[in-house]
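Q: Model the structure of this input:
(2 chains, ligands or ions: 2)
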Amino acid sequence: MMTNKIWVYIDQFKGEAIPASWETIGAAQYLTEQYGGGVTAVVAGSQVQEIAKQAIQYGAEEVFYSEDSTFDEFRAEPYASLLSGLAKEHGPEVILFPTTSRGRELAAMVAVDLKTGLLPDVTALEVQDGNVVATRPVYAGKLLSKAVCSTRPQLITLRVRAFPTPDLDDSKTGNLTEVPAVMSEDDILTKVAGYTESSRGVSLNDAAVIVSGGRGVSNNPALNPPDGMDESQVEIWRAQEGFKLIGELAEALGAAVGASRAAVDAGYIPYDHQVGQTGKVVSPDLYIACGISGAIQHQAGMRTSKVIVAINKDPDAPIFRMARYGIVGDLYDVVPALTEAFRNRLSS
Amino acid sequence: MKIVVCVKQVPDTAAKVVVEDGQVTWGDAPLVINPWDEYAVETALLQQEAHGGDVTVISVGGEDAKEAVKHALAMGCDSAILISDPAFENADSLITSQVLAAAIEKMGDVDLAFFGRQAIDGDVGATAAQTARGLGWPAFTLVSAISGLDPDAGTIQVERSLEEGRQVVDGKLPAIVSVVKDIGEPRYPSFMGIRKASRAEIPIWSQADLSLEVANPAVTWPEITNPPKREIVTEILSGDSPKEIAETLVEKILEEQVL
Ligand SMILES: Cc1cc2nc3c(=O)[nH]c(=O)nc-3n(C[C@H](O)[C@H](O)[C@H](O)COP(=O)(O)OP(=O)(O)OC[C@H]3O[C@@H](n4cnc5c(N)ncnc54)[C@H](O)[C@@H]3O)c2cc1C
Ligand SMILES: Nc1ncnc2c1ncn2[C@@H]1O[C@H](COP(=O)(O)O)[C@@H](O)[C@H]1O
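A: Ligands and ions are numbered 1, 2, ... in the order given. Below is the predicted model:
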């Protein structure tokens, strides 16, 4: 049995690895340059042998995998007990997790089990004097802090899309070790009664491109609402017409749809789509803000996007100050034209 | 039912937070209750309204954390406890969770403890799960709805909001619940509530009161800086028609190689 110092946790949903898990392997390989050894991956689920093999192809040298019906629907407790048990037995220096809801919760619980520190949502890593020095955005990205953990293992969750995905090499081989689950169903305090998948297409968290709409999306006086609606119904109807345009542009780009809080609060679109300090923090390669003024709380969720495009009627809207490209105009004119132009250009 | 809600005091979301001479400052911006925790208070009050009992708000922090606690009292919580000790000054989430767990145990017979999803200063998002793990209670995190609660049977059912959709989970009380925004808009403090809160005596518990001796925090923050200035040159695109402007933008985006 090997005793690698750098471990990663592979997050999966319904038997498919969350792509951000591979980013942890890339980051782990960087850490092995300092700590020596290879990368050990841990994955659990009802059927995860394929994922275990993929982890090897992405660069892990060894994988502990556990298949058990208690892992069928994610509950943090059995996963945490498994991972804590393995870590107690083998004593890794570092365990990296992707910052998904599952990864964050699991890391939090493992920290309690192992009486160690947790560095969540990290965007950069280096090693100094045997400690990982992690960079993490705090105050919604208004500041950057360095954080260090003096106990072992150092538990670190990595911000999704902050680290590159290593190349997949299907000629790679490594050790797969099956390990038993630690908790039995009777010991687990919660039962999953059901699951409703959300209908939305691309998830905001892993999207490389996001098209977002704000309050401006409902502002098309030229539209004639159907009879018999009251004022707030008319506003929502207008907004839904507007979000159709946003959705079409997103579709042309293979993008996810985002929204400002004003749009969510007004009932235009579900909260799952909200970007910002009290929504999701995203970091896509391209962020297109349509009818969004760019309040500080919205900026907090998207300021690290690589290229920002703003479409707004008001030339003084603060969003233009953070945009690489701006279009001053009515989104009802601009967005359909953009959809058309991208479709033409991307199909040719 | 005996309900607890855990709140943290943080700088207002609109504050311009910067580092000056190595110190984090937010100018004249007020310290407020963590916005996520207002949802937790709202949820606690709704459950009290439905099932009876009392709601105690607790916060770990310095004297100044009283404002957050008072906001929760003004919203309608029955009582408050401030947990303050120099030993907690640089607490990481593990230590905060140990302190909260000890306080919940000292209070005794707590059925439910509500948390916000994340504190907007440190953006850690771990304290609820860690408190549950420390207590050995089930953790229902990222809860968007409480679909069932039966205090007599000691059961709870929640809907959790995860990346891929909504998970319905059953469990037993006592439990820890962290809530997200879909749970329902927090109420505004009433005039009466504000008056009551301003007069409230808030007991302060120290480490000794909790029979606790916390270790030094494992996580330290050796450096905190302003993020590097992004040099953004904004190019406003113009043209004779939306079509022309759109085509210009498409070319620019293709040149950026972000697609
Ligand atoms: C505690 C707290 C937390 C918050 N968290 C968040 C958060 O997480 N995310 C978030 O987004 N906000 C958040 N906010 C709210 C934030 O302060 C703003 O109110 C919100 O972002 C405004 O949304 P908006 O830009 O869509 O609306 P507005 O500010 O009303 O802007 C609408 C814009 O659309 C433009 N417009 C109108 N019609 C058209 C048209 N036809 N074509 C083109 N442009 C048009 C207008 O010029 C305007 O700039 C938070 C606030 C608080 C207090
Ligand atoms: N110092 C504190 N006092 C009371 N509750 C806290 C404290 N810190 C965090 N919490 C609770 O834990 C939640 C998550 O915080 P965090 O893990 O720091 O992001 C918050 O929304 C609060 O409900």
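
Q: which stretches of chain B form helices?
A: Remark: helices assigned in chain B by DSSP state H are B:35-51, B:66-75, B:93-107, B:127-135, B:191-199, B:242-256.

Q: For the last one, name the packing helices and strands.
A: Spelled out, that is helix B:242-256. strand A:307-312, strand A:325-328, helix A:331-347 (3 or more C-beta pairs under 8 Å, 6 or more residues apart in numbering or on different chains; DSSP states H and E). Every residue, glycine included, has its C-beta placed from N, CA and C.

Q: Return the set of buried residues in the longest one.
A: By that I understand helix A:331-347. For helix A:331-347, a neighbour-count test (16 or more other C-beta atoms under 10 Å in any protein chain shown) marks A:331-343, A:345 as buried.

Q: swap in stretch A:10-24?
A: A:10-13, A:17-18, A:20-24.

Q: Now render the helices and strands packed on helix B:242-256 as a markdown table, adding mean pLDDT and distance to ligand 1.
A: Converted to a markdown table, the helices and strands packed on helix B:242-256 look like this (pLDDT from 0 to 100; distance: least, C-beta to the nearest ligand atom, whole Å):
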| stretch | mean pLDDT | distance to ligand 1 |
| --- | --- | --- |
| strand A:307-312 | 98 | 4 |
| strand A:325-328 | 98 | 9 |
| helix A:331-347 | 96 | 4 |
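
Q: among those, which is nearest ligand 2?
A: Closest of these to ligand 2 is strand A:307-312, at 27.0 Å (criterion: C-beta to the nearest ligand atom).

Q: Next SSE downstream of the closest one?
A: helix A:319-322 (DSSP states H and E).

Q: So what touches that following helix?
A: Under the criterion C-beta atoms under 8 Å, 6 or more residues apart in numbering or on different chains, residues A:289, A:292-294, A:298-299, A:303, A:308, A:310, A:312, A:326, A:328, B:230, B:232, B:234, B:236 lie in contact with helix A:319-322.

Q: from these, which is closest to A:Gln128?
A: Nearest to A:Gln128 among those is B:Arg230, at 26.3 Å by C-beta to C-beta.

Q: can you count the residues close to the closest one?
A: 10 (other C-beta atoms under 10 Å in any protein chain shown).

Q: now do A:Thr173
A: 10.

Q: Residue ranges in the stretch 201-348 of chain A under the pLDDT threshold?
A: A:201 (pLDDT under 70).

Q: and the residue of it nearest ligand 2?
A: A:Thr278 (11.5 Å).

Q: Which ones among the buried residues of stretch A:10-24 map onto strands?
A: A:12-13, A:17 (DSSP state E).

Q: from these, which has minimum pLDDT?
A: Minimum pLDDT for these is recorded at A:Phe13 (93).

Q: For burial, what's the neighbour tally of the residue nearest to B:Lys172 when sequence neighbours are not counted?
A: Residue nearest to B:Lys172 in three dimensions, not counting chain neighbours: B:Gly154, with 5.6 Å by C-beta to C-beta, 6 or more residues apart in numbering or on different chains. Residues near B:Gly154, counting by other C-beta under 10 Å, number 13.

Q: B:Gly154 and B:Asp21: what is the separation?
A: B:Gly154 sits at a distance of 53 Å from B:Asp21 (criterion: C-beta to C-beta, to the nearest Å).

Q: what does A:Pro78 give?
A: On the measure of C-beta to C-beta, A:Pro78 and B:Asp21 end up 48 Å apart.

Q: Compare neighbour counts for those two and give me the winner.
A: Ranked by neighbour count (other C-beta under 10 Å), A:Pro78 and B:Asp21 place A:Pro78 first, with 23 against 5.

Q: Does the more buried one touch A:Ser66 like I think?
A: No. Using C-beta atoms under 8 Å, A:Pro78 makes no contact with A:Ser66, being 9.3 Å away.

Q: Spit out the residues that contact the two alike.
A: A:44, A:181.

Q: what residues are up against B:Ser241?
A: B:Ser241 touches A:Ala337, counting by C-beta under 8 Å, 6+ apart.

Q: rewinding a little: could you give the number of residues near the residue of the stretch 201-348 of chain A closest to ligand 2?
A: 23.

Q: Without its sequence neighbours, what residue ends up closest to it?
A: B:Pro35 (5.8 Å).

Q: Contacts only, for that neighbour.
A: Contacts of B:Pro35 by C-beta under 8 Å, 6+ apart are A:278, B:13, B:116, B:120.

Q: Can you get me a residue count around the residue in the stretch 101-250 of chain B that ligand 1 sits nearest to?
A: Using C-beta to the nearest ligand atom, the single residue of the stretch 101-250 of chain B nearest to ligand 1 is B:Ile120, 8.1 Å away. For B:Ile120, the count of nearby residues is 25 (other C-beta under 10 Å).

Q: got a list of what the residue lying closest to it once chain neighbours are set aside touches?
A: Spatially, and ignoring its direct neighbours in sequence, B:Ile120 is nearest to B:Val10 (5.3 Å; C-beta to C-beta, 6+ apart). Residues in contact with B:Val10 (C-beta under 8 Å, 6+ apart) are B:31-34, B:68, B:119-121.

Q: Apply 10 Å and report the result again.
A: By C-beta atoms under 10 Å, 6 or more residues apart in numbering or on different chains, the contact list for B:Val10 reads A:139, B:17, B:26, B:31-37, B:61, B:65, B:68, B:116, B:119-122.

Q: And A:Ala222, how close does it get to ligand 1?
A: Distance check for A:Ala222 against ligand 1: by C-beta to the nearest ligand atom, to the nearest Å, it reads 10 Å.

Q: Repeat that for A:Gly174.
A: Applying C-beta to the nearest ligand atom to A:Gly174 and ligand 1 gives a distance of 42 Å.

Q: Quick check on that residue: phi, psi?
A: phi -170, psi -180 (degrees, to the nearest 10).

Q: Can you give me the pLDDT of it?
A: 95.

Q: tally of neighbours for it?
A: Neighbour number of A:Gly174 under other C-beta under 10 Å is 19.

Q: so what's B:Thr25 bridging to?
A: Listed beta-bridge partners, B:Thr25: B:Val18 (assigned using DSSP bridges).

Q: do you know how far it is from B:Val124?
A: 21 Å.

Q: go on, A:Glu248?
A: From A:Glu248 over to B:Val124 (counting by C-beta to C-beta), the distance is 38 Å.

Q: need the contact list for B:Ile3.
A: B:43-45, B:47-48, B:51, B:53-57, B:77-78, B:110-114, B:177.

Q: re the thing from before, list the contacts of the residue nearest to B:Lys172.
A: B:111, B:171-175.

Q: buried set for the strand ranked longest in chain B?
A: The residue-count maximum for a strand in chain B (DSSP E) belongs to strand B:139-150. Buried positions in strand B:139-150, judged by neighbour count with 16+ other C-beta under 10 Å: B:139-146, B:149.

Q: Likewise for stretch A:44-51?
A: A:44-45, A:48, A:51.

Q: which other residues reach that stretch?
A: A:9-18, A:21, A:41, A:43, A:52, A:54-55, A:63-74, A:78-79, A:82-83, A:106, A:176, A:178-179, A:181-182.

Q: Taking the residues you listed, please make a PyMOL selection of just the buried ones.
A: Paste this into PyMOL to select the buried members of the contacts of stretch A:44-51, with burial taken from 16+ other C-beta under 10 Å:
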select buried, chain A and resi 9+10+11+12+13+17+18+21+41+43+52+54+55+63+64+65+66+67+68+70+71+72+73+74+78+79+82+83+106+176+179+181+182
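
Q: Please flag which of the contacts of stretch A:44-51 sit within helices.
A: A:21, A:52, A:54-55, A:78-79, A:82-83, A:106.

Q: I am finished for the moment; much appreciated.
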